[in-house]
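*Asks:* Prediction below, plus the sequence it came from.
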Amino acid sequence: MGLSETDLNDVKLSRPVAVVDLWDIDDRISRLEDVACRLEKIVEVFLALYGEERVKSWELILKEMLKKYEQRRDQYDRNRRCKT
């Protein structure tokens, strides 16, 4: 139960094709790894920017709250001075 001549020729031809396919797959994997690294960096930048924007919005909210508090306090002080 040996291999026929056509089977041997097919095996001889398939070996180089398989190696080329492996190289192609390796190249694709390398490119996918590069893309994954770039996406990771992009996500990190987006998260950093999102965090900074949240901090900015919280700062604005707190500043507005402080202004309202100071206005109320000033109004209370003015009313108190007028009554005495």
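*Replies:* The structure has been received and is ready for your questions. Everything numeric in this text was worked out from a predicted model, so none of it was measured.

*Asks:* where do the helices sit along the protein?
*Replies:* 5-83 (DSSP state H).

*Asks:* Compute the number of surrounding residues for Y50.
*Replies:* Using other CB atoms under 10 Å, the number of residues around Y50 comes to 10. C-betas here are computed from N, CA, C, even on glycine.

*Asks:* Pull up the gap between it and V43, please.
*Replies:* Per CB to CB, to the nearest Å, Y50 is found 10 Å from V43.

*Asks:* low pLDDT regions in this protein?
*Replies:* Scanning the chain for pLDDT under 70 picks out 1-3, 8, 11-20, 83-84.

*Asks:* switch the cut-off to 90
*Replies:* 1-28, 49-62, 71-84 (pLDDT under 90).

*Asks:* most centrally placed residue in it?
*Replies:* Centroid-nearest residue in the chain, with CA atoms, centre = their mean: V43, separated by 1.1 Å.
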